[in-house]
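J.: coords please:
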Amino acid sequence: MDYQVLARKYRPQRFQEVVGQPHVTTLLQNAVRSGRITHAYLFSGPRGTGKTTTARLLAMALNCEHSDKPTPDPCGKCSSCKEIANSRSLDVQEIDGASNSKVDDIRELRGTINYVASRDRWKVYIIDEVHMLSNSAFNALLKTLEEPPKQVVFVFATTELHKVPATILSRCQRYDFRRIAPRETVARLVQLAKDERIDVDPECLSLLAQKADGSMRDAIGLLDQLHSAAEGTLTAARARELLGMLPEETYRTLSEHLSRHESKEVLALAAKALDEGADMEEFIAGLTEHLKSLLIAGLEKPTPKAADGASPSPQDLLRMIGVLLELARDMRRSTQPRTLLEVALVRLARMDDSVSLAQVLDGLRRLGSPSRPRAAEPPPKKGQEAPPISSPSKPLGSLDLAAIETRWGQVVDSLQKEAMAAGSFLASGRPVGYRDGVLQIAFPQTNAFSKEQVESKHRAAVEKTLSHFFNTTLRIGCTLTPNPPGKEKEDPAGDRKAALATGEDSGGVRRVLDAFGGEIV
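T.: All right, here's what the predicted structure looks like:
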């Protein structure tokens with residue numbers, strides 16, 4: 001006798017044997033029991049979840065010979081049930097939507113639909129992957145679905161419900177099949193292995209359920225494949241080897257390197273896995289699943305981050321998973337997927353640790369209590385002069401360059417209202433140093449004229465506005481810089497390090513570094 005694959009050999013023959021879809025099978029059984037049989041059903045859901053099998057069971061329930069009317073529990077032994085189960089019934093036709101997608105195929109079906117059943121009570125048309133039909137084919141079905149002949153039932157099955165026109169959906173009873181839970185898949189595999197006398201570890205079955213991703217057909221097919229290729233007891237390690245899956249230890253080591261920001265080790269481990277034949281999509285999926293497991297474990301039992309960085313925080317894990325999901329999406333349309341993978345791994349390895357809001361607030365408290373924002377003042381009345389932008393009534397305490405930089409825009413605006421020309425010239429400069437009451441203002445070489453005007457003609461107005469704005473006596477010194485001020489601000493590391501080393505920085509940056517334990521890079 002020819003060998004029959006396990007997925008076909010153990011195909012459910014009763015509604016009760018369908019795994020993971022009680023919300024569908026119970027409703028169908030109740031409809032058959034009460035005689036409320038509609039003319040069109042639509043089964044949608046992921047692959048391998050029982051759509052076509054349930055359609056056959058419905059056809060068996062309508063035509064079982066052991067009952068003089070439709071029964072919710074077909075026998076599975078009469079000639080009608082056996083022919084339907086083996087796809088040999090003349091009155092139950094299974095049509096592949098992908099290969100019969102043209103309008104001529106639907107016209108041919110409509111030409112035979114009016115004939116009465118040759119033997120059974122009901123004629124059933126099962127159209128699998130119905131979303132593959134063309135628009136013209138769907139339109140040809142509309143009238144038939146609206147007013148079908150008596151004793152005719154259509155059952156449509158699809159994995160892509162969004163491609164089915166709304167005009168078809170509105171004429172069908174819709175049943176949504178869900179992904180089968182891993183525990184239900186494992187329970188079914190345990191029973192099947194027992195019946196087939198397959199020696200398999202429970203961990204191996206859990207791995208197959210995870211790999212199947214909710215598809216019972218895929219899970220049974222993987223078990224069949226392992227049983228054919230392996231000898232002796234089927235273990236998880238053997239399953240990973242035969243199915244091309246990386247060991248869990250690889251992902252564990254990789255996540256530890258990522259947590260320690262070890263880019264070189266991460267790339268070396270990934271290169272080794274890929275050079276040994278690992279699939280890149282499988283590699284990304286496995287790493288994502290491992291990080292997700294760490295995230296769930298961390299949420300269920302939070303633990304502080306280890307000193308060696310081997311335990312990422314949930315915030316860091318969420319960011320890592322987001323990067324990997326973005327990578328999986330981009331790789332599908334990339335001509336250099338390996339480069340994308342390596343770049344993403346380096347991003348993960350160089351990713352800074354997340355800082356909680358509580359830590360930020362605590363650091364700000366250590367920097368000192370910030371002054372409360374002033375309440376908004378009402379707009380001046382007609383004929384009344386507007387007050388200056390800022391005129392503090394008492395000294396600001398220790399004035400530093402950071403405070404001046406923060407409010408520099410307000411200083412320029414205030415000066416432009418009092419002396420338009422002076423403010424316009426000052427707007428092209430920026431503060432670069434402050435020490436002993438002298439503020440150094442840098443102008444780009446392209447604006448040397450502005451420097452000369454501020455330094456000679458408008459010095460008094462600028463110093464008066466600065467002294468009034470910060471409530472302390474300030475003098476200015478003007479210099480030229482070879483780069484535009486905006487360019488210098490993009491990378492101030494060198495000047496800031498020099499200022500910290502010589503003491504020219506009045507403490508703003510140093511206080512932030514001390515509070516958060518940071519450094520200038």
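
J.: from residue 347, how far off is the spatially most central residue of the chain?
T.: When the chain is reduced to its mean C-alpha position, the nearest residue by C-alpha atoms, centre = their mean turns out to be residue 325, at 5.0 Å. When C-beta to C-beta, to the nearest Å is applied, the distance between residue 325 and residue 347 equals 13 Å. All C-beta atoms are positioned from the backbone trio N, CA, C, and that covers glycine.

J.: could you give the mean pLDDT of stretch 470-482?
T.: In this model, stretch 470-482 has a mean pLDDT of 86.

J.: so where's the stretch 151-300 of the chain shaky on pLDDT?
T.: Along the stretch 151-300 of the chain, segments meeting pLDDT under 70 span 300.

J.: can you pull out the helices in it?
T.: For the stretch 151-300 of the chain, the helices identified by DSSP state H, counting those that start in this stretch occupy 166-169, 182-196, 202-212, 216-229, 236-243, 248-259, 263-275, 280-300, in order along the chain.

J.: CSV for the ones you listed, including mean neighbour count and distance to residue 480?
T.: Conversion of the helices of the stretch 151-300 of the chain to CSV gives the following (neighbours: other C-beta atoms under 10 Å; distance: least, C-beta to C-beta, whole Å):
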stretch, mean neighbour count, distance to residue 480
helix 166-169, 14, 70
helix 182-196, 16, 70
helix 202-212, 20, 66
helix 216-229, 20, 71
helix 236-243, 17, 66
helix 248-259, 19, 47
helix 263-275, 15, 41
helix 280-300, 17, 52
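
J.: and of those, who's closest to residue 153?
T.: Each of those was checked against residue 153 via C-beta to C-beta, and the shortest separation belongs to helix 166-169, namely 15.2 Å.

J.: give me the distance from that closest one to the chain's centre.
T.: Helix 166-169 has its average C-alpha position 30 Å from the chain's average C-alpha position, going by C-alpha atoms, centre = their mean, to the nearest Å.

J.: against which helices or strands is that helix packed?
T.: Under the contact criterion of 3 or more C-beta pairs under 8 Å, 6 or more residues apart in numbering; DSSP states H and E, the helices and strands touching helix 166-169 comprise helix 135-146.

J.: domains of the protein?
T.: When the chain is parsed with automatic domain parsing, its domains come out as 6-176, 182-243, 248-349, 401-516.

J.: ends of the second one, what's the gap?
T.: Using C-alpha to C-alpha, to the nearest Å, the span of domain 182-243 from its first residue to its last is 18 Å.

J.: could you give me the buried positions within stretch 449-460?
T.: Buried residues in stretch 449-460, defined by neighbour count with 16 or more other C-beta atoms under 10 Å: 450, 451, 453, 454, 455, 458, 459.

J.: from those residues, which land in helices?
T.: In this view, the buried residues of stretch 449-460 that belong to helices under DSSP state H are 450, 451, 459.

J.: tell me the one of these nearest residue 222?
T.: residue 450 (74.3 Å).

J.: just list the residues touching that closest one, thanks.
T.: Residues in contact with residue 450 (C-beta atoms under 8 Å, 6 or more residues apart in numbering) are 425, 426, 428, 429, 443.

J.: residues in contact with stretch 173-182?
T.: Surrounding stretch 173-182, the residues in contact under the criterion C-beta under 8 Å, 6+ apart are 19-21, 24, 27-28, 38, 40-46, 49-51, 54, 206, 209-210, 213-216.

J.: stretch 94-113 now?
T.: By C-beta under 8 Å, 6+ apart, the residues outside stretch 94-113 that reach it are 52, 87, 123, 125-134, 136-137, 139-141, 144, 148-149, 152.

J.: what's the ChimeraX line that selects buried ones from those?
T.: Only the buried entries of the contacts of stretch 94-113 go into this ChimeraX selection, using 16+ other C-beta under 10 Å:
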select :52,123,125,126,127,128,129,130,131,132,133,137,140,141,144,148,152
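
J.: and residue 71, how many residues sit next to it?
T.: When counting by other C-beta atoms under 10 Å, one arrives at 17 neighbours for residue 71.

J.: name the nearest residue to it, sequence neighbours excluded.
T.: Spatially, and ignoring its direct neighbours in sequence, residue 71 is nearest to residue 64 (5.3 Å; C-beta to C-beta, 6 or more residues apart in numbering).

J.: number of residues surrounding the one you found?
T.: Applying other C-beta under 10 Å, we find 24 other residues in the vicinity of residue 64.

J.: same check on the one 5 residues further on?
T.: By the other C-beta under 10 Å criterion, the neighbourhood of residue 69 contains 10 residues.

J.: helix or strand for it, just tell me which one.
T.: Secondary structure assigned from DSSP states H and E places residue 69 in neither a helix nor a strand.

J.: now, which of the ones in helices among the buried residues of stretch 449-460 sits nearest residue 437?
T.: Checking these against residue 437 by C-beta to C-beta gives residue 459 as the nearest, at 14.6 Å.

J.: doesn't residue 474 make contact with that closest one?
T.: No - between residue 459 and residue 474 there is no contact under C-beta atoms under 8 Å: 11.4 Å.

J.: thinking again about what came up before, give the contact list for the residue nearest to residue 71.
T.: Under the criterion of C-beta under 8 Å, 6+ apart, the neighbours of residue 64 are 70, 71, 74, 75, 78, 80, 81.

J.: from residue 412, how far out is the first one?
T.: When C-beta to C-beta is the yardstick, residue 70 and residue 412 sit 86 Å from each other.

J.: just the helices in the stretch 401-521 of the chain please.
T.: Using DSSP H, counting those that start in this stretch, the helices of the stretch 401-521 of the chain run over 401-406, 408-418, 420-426, 448-452, 459-470, 485-490, 493-502, 508-516.

J.: and the stretch 1-150 of the chain, by the same measure?
T.: Taking DSSP H, counting those that start in this stretch, the helices of the stretch 1-150 of the chain run over residues 6-9, 22-34, 51-63, 79-85, 103-112, 135-146.

J.: and residue 417, what pLDDT?
T.: With respect to pLDDT, residue 417 scores 82.

J.: burial count for it?
T.: Summarising burial for residue 417: neighbours were counted as other C-beta under 10 Å, giving 13.

J.: so it is in contact with residue 424, correct?
T.: No - taking contact to mean C-beta under 8 Å, the distance of 11.8 Å between residue 417 and residue 424 leaves them out of contact.

J.: how close does the nearest residue to residue 144 once chain neighbours are set aside get to residue 90?
T.: Take residue 144 and drop its neighbours on the chain: the residue closest to it by C-beta to C-beta, 6+ apart is residue 110, 5.8 Å away. Here residue 110 is placed at a distance of 18 Å from residue 90 (C-beta to C-beta).

J.: rewinding a little: turn the ones in helices among the buried residues of stretch 449-460 into TSV, columns for pLDDT and distance to residue 12.
T.: Converted to TSV, those look like this (pLDDT from 0 to 100; distance: C-beta to C-beta, whole Å):
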residue	pLDDT	distance to residue 12
450	86	84
451	87	87
459	88	92
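
J.: make JSON lines out of those residues and add distance to residue 337.
T.: As requested, these are exported to JSON lines (distance: C-beta to C-beta, whole Å):
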{"residue": "450", "distance to residue 337": "52"}
{"residue": "451", "distance to residue 337": "54"}
{"residue": "459", "distance to residue 337": "62"}
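
J.: how far does stretch 161-177 sit from its chain's centre?
T.: On the basis of C-alpha atoms, centre = their mean, stretch 161-177 is displaced by 27 Å from the centre of the chain it belongs to.

J.: what's the end-to-end length of that stretch?
T.: Separation of the first and last residues of stretch 161-177 by C-alpha to C-alpha is 11 Å.

J.: can you pull the buried residues of that stretch?
T.: Residues of stretch 161-177 classed as buried under the neighbour-count rule (16+ other C-beta under 10 Å) are 164, 168, 171, 172, 173, 175, 177.

J.: farthest pair within the residues you listed?
T.: Of all pairs drawn from the buried residues of stretch 161-177, the greatest distance, 19.7 Å, lies between 171 and 177 (C-beta to C-beta).
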